[in-house]
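S.K.: Turn this into a structure:
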Amino acid sequence: MLEYEFETVPCDSLDGYSLFGGVGMETVDHQEAIRRRATEGWRYAGFVPRLQRAGGFIETIDLIFERETPIE
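M.R.: Now for the predicted structure:
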């Protein structure tokens with residue numbers, strides 16, 4: 001059986017520069033979260049936009065993690 005957890009990551013701590021609110025910008029917080037969860041036995045399974053502006057810029061995402069659990 002699989003167990004799932006979600007971790008919200010802001011997309012406002014960006015690396016890069018843009019005058020257009022996101023064009024050419026890159027998030028970096030997700031990498032730390034995925035590495036940390038991997039050391040705890042979780043696998044990265046994907047992401048879902050959590051908060052998105054009307055113009056399409058994603059402000060936060062939920063990272064999805066899964067791991068095997070013993071069948072009881």
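S.K.: how about the strands of the protein, start to end?
M.R.: 2-10, 14-15, 26-27, 43-52, 58-68 (DSSP state E).
S.K.: List the neighbours of stretch 49-68 that are in contact with it.
M.R.: For stretch 49-68, the external contacting residues (C-beta atoms under 8 Å, 6 or more residues apart in numbering) are 1-12, 21-22, 30, 33-34, 37, 41-48. Bear in mind the C-beta positions are built from the backbone N, C-alpha and C, glycine included.
S.K.: so where is the chain shaky, pLDDT-wise?
M.R.: For the chain, applying pLDDT under 70 flags the ranges 12-26, 72.
S.K.: Need the residue closest to the centroid of the chain.
M.R.: residue 63 (3.6 Å; C-alpha atoms, centre = their mean).
S.K.: Distance check, it against residue 42.
M.R.: The gap separating residue 63 from residue 42 is 10 Å, by C-beta to C-beta, to the nearest Å.
S.K.: Residue 30 and residue 9 touch, don't they?
M.R.: Yes. In this structure, residue 30 is within contact of residue 9 by C-beta atoms under 8 Å, at 5.2 Å.
S.K.: more crowded one of these two?
M.R.: Under the neighbour definition other C-beta atoms under 10 Å, residue 30 and residue 9 were set side by side, and residue 9 has more, 19 against 16.
S.K.: got a list of what that one touches?
M.R.: So residue 9 contacts 27, 29, 30, 33, 60, 61, 62, 63 (C-beta under 8 Å, 6+ apart).
S.K.: which among those residues end up buried?
M.R.: In the contacts of residue 9, burial by neighbour count holds for 27, 29, 30, 33, 61, 62, 63, counting by 16 or more other C-beta atoms under 10 Å.
S.K.: Turn those into a markdown table, including distance to residue 53.
M.R.: What follows is the buried ones among the contacts of residue 9, written out as a markdown table (distance: C-beta to C-beta, whole Å):
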| residue | distance to residue 53 |
| --- | --- |
| 27 | 15 |
| 29 | 18 |
| 30 | 19 |
| 33 | 22 |
| 61 | 13 |
| 62 | 17 |
| 63 | 20 |
